[in-house]
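1. give me a 3D structure for the following:
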Amino acid sequence: DAHVLRAHAQANPPLRTLVLAVTDRCNIGCDFCCHPHAESEIADEDCIRLVTEACEGEFVVVALTGGEPFLRLPLVLRLAAITRALGRLLTVLTNGYWAPQADRAGDVARRLVDAGAFKVTFSWDPSHAHFIPASAIQNGLEACMAAGLHGPCTLCGTILQGPDAAELLRAARLPG
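-> Numbering: from 1, shown residues only. As a prediction, this is how the structure comes out:
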């Protein structure tokens, strides 16, 4: 019945987010990762084509993931510029390895904002602590907020008790 289909379509709008894993490469070796030793990645030209076509169509958000997308920072910045030019939003999921020092984190965050990125989500888990200290995540969160990212700076992951967890929870409570 057309009435039921119309009600279903209104209650369940079409998905409008393109999630693109630009690389399987990652600079840390989590013991639970689904692709800890993968090296594949999508060519720059293919990423640019996919994002451009999605943004020229019905997609509103492009979410970059991986592996670690920031291993391909020039591509991330280029895709941010494309989404901005086409009136769309770009979000990136990262492990935050690029923010060990506040000044480096600030530089990367400003470059993201200048290129047109909308949101950064940091993925941190206690198993990441061996590779990336909670202080790097805090640096990244602070830098992204200070640089003026328009979307919320988000922290996702599993938090366990302990000194690293307490430090990270302080970082997650930053205003903004």
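2. residue ranges with poor pLDDT in this protein?
-> Where the chain drops to pLDDT under 70, the residues are 1-15, 31-38, 158-176.
3. 50 - rerun?
-> For the chain, the stretches flagged by pLDDT under 50 are 1-2, 174-176.
4. in it, which spans are helices?
-> In the chain, the helices defined using DSSP state H lie at 2-11, 44-56, 73-85, 102-115, 134-147, 163-172.
5. out of the ones you listed, which comes closest to residue 127?
-> Between residue 127 and these, the tightest spacing by Cβ to Cβ is seen for helix 163-172, at 10.6 Å. From N, CA and C alone the C-beta is placed, and that goes for glycine too.
6. just the helices of the chain: most buried one?
-> Sort these by mean neighbour count, taking mean count of other Cβ atoms under 10 Å, and helix 134-147 sits at the top with a mean of 23.
7. elements contacting it?
-> Applying 3 or more Cβ pairs under 8 Å, 6 or more residues apart in numbering; DSSP states H and E, we find helix 134-147 packed against helix 102-115, strand 119-123, helix 163-172.
8. each with direction, which strands does the shortest one pair with?
-> It stands for strand 119-123. Strand pairing for strand 119-123, determined by DSSP bridges: strand 89-94 (parallel), strand 154-156 (parallel).
9. quick one: contacts of it?
-> 89-96, 109, 112, 137, 140-141, 144, 149-157 (Cβ atoms under 8 Å, 6 or more residues apart in numbering).
10. any chance of the helices of the chain in CSV, with distance to residue 28 too?
-> Below are the helices of the chain laid out as CSV (distance: least, Cβ to Cβ, whole Å):
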stretch, distance to residue 28
helix 2-11, 40
helix 44-56, 22
helix 73-85, 16
helix 102-115, 17
helix 134-147, 11
helix 163-172, 15
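11. wait, which of these is closest to residue 18?
-> Nearest of those to residue 18, taken as Cβ to Cβ: helix 44-56 at 4.3 Å.
12. show me what that closest one is in contact with.
-> Outside helix 44-56, the residues within contact range by Cβ under 8 Å, 6+ apart are 18, 20, 22, 42, 62, 72, 75, 78-79, 82-83, 86-88.
13. for the residue lying closest to residue 111 once chain neighbours are set aside, what are its contacts?
-> Spatial nearest neighbour of residue 111, chain neighbours left out: residue 77 (6.1 Å); criterion: Cβ to Cβ, 6 or more residues apart in numbering. With contacts defined as Cβ under 8 Å, 6+ apart, residue 77 is in contact with 111, 112, 115.
14. do I have it right that the last one meets residue 82?
-> The one in question is residue 115. No. Look at residue 115 against residue 82 with Cβ atoms under 8 Å: they stay out of range, at 9.3 Å.
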